[in-house]
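[1] Give the three-dimensional model of this entry:
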Amino acid sequence: MKRILNIQKIALLSCLVFAVSFTGCISTSEPAAVFSYNTQHLLSKTNGNMISSAKILKKGESCAYAISLFYYSTTYRGPKNSVADIAKEFNIEKIAVVDYSSFSFLGPVFYKNCVVVWGE
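    As a prediction, the model looks like this:
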């Protein structure tokens, strides 16, 4: 009986560690069967203080595209830019808000992920 309880405790602890290991990730929405379009505010005034006192005068956007068939032979296009790279490319000196958007069509066949930086 004691051995069964130990196995149950180990299994429960393993599941807990597995679940907690993914909590630090920014999740994207799962691809829909036909069509999905989502936007998220990652950093904005509604989530607390803004990054800076910057006004929203400029917009910089960087998107990555992928095309795959049954998760095989994925064709990937687009930069993997950070927020700082996007701000530099679009001459944004003070970042006010960072947004994220995703679009998918026919599940994983085509999807696009974009990071949008707003500022002055």
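[2] Give the closest residue to Gly60 in space, chain neighbours not counted.
    Leaving aside its sequence neighbours, Gly60 sits nearest to Phe90 (C-beta to C-beta, 6 or more residues apart in numbering; 3.1 Å). Glycine gets a C-beta too; all of them are placed from N, C-alpha and C.
[3] What is the burial count for that neighbour?
    Using other C-beta atoms under 10 Å, Phe90 has 15 other residues around it.
[4] That one reaches Val115, doesn't it?
    No - here Phe90 lies out of contact with Val115, judged by C-beta atoms under 8 Å, at a distance of 11.6 Å.
[5] Spell out which residues are contacts of both of those two.
    The contact sets of Phe90 and Val115 do not overlap (C-beta atoms under 8 Å, 6 or more residues apart in numbering).
[6] coming back round to it: mind checking how far the residue nearest to Gly60 is from Ser36?
    To Ser36, Phe90 is 27 Å away according to C-beta to C-beta, to the nearest Å.
[7] and what of Leu57?
    The gap separating Leu57 from Ser36 is 31 Å, by C-beta to C-beta.
[8] neighbour count winner among these two?
    Ser36 (15 against 11).
[9] nearest spatial neighbour of the more buried one, skipping sequence neighbours?
    The shortest distance from Ser36 to any non-neighbouring residue, by C-beta to C-beta, 6+ apart, is to Ser104 (4.6 Å).
[10] Just the CA trace of stretch 56-64, in PDB.
    Provided in PDB are the C-alpha atoms of stretch 56-64 (Å, rounded to 0.1, in the frame of the first residue of the first chain):
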ATOM      1  CA  ILE A  56       2.000  56.900 -29.700                       C
ATOM      2  CA  LEU A  57       3.200  58.600 -32.900                       C
ATOM      3  CA  LYS A  58       4.900  55.800 -34.800                       C
ATOM      4  CA  LYS A  59       4.300  52.100 -35.400                       C
ATOM      5  CA  GLY A  60       6.800  49.400 -36.200                       C
ATOM      6  CA  GLU A  61       5.800  45.900 -37.200                       C
ATOM      7  CA  SER A  62       7.700  42.700 -37.800                       C
ATOM      8  CA  CYS A  63       6.000  39.500 -39.000                       C
ATOM      9  CA  ALA A  64       7.100  36.000 -39.600                       C
END
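[11] Nothing else from me, thank you.
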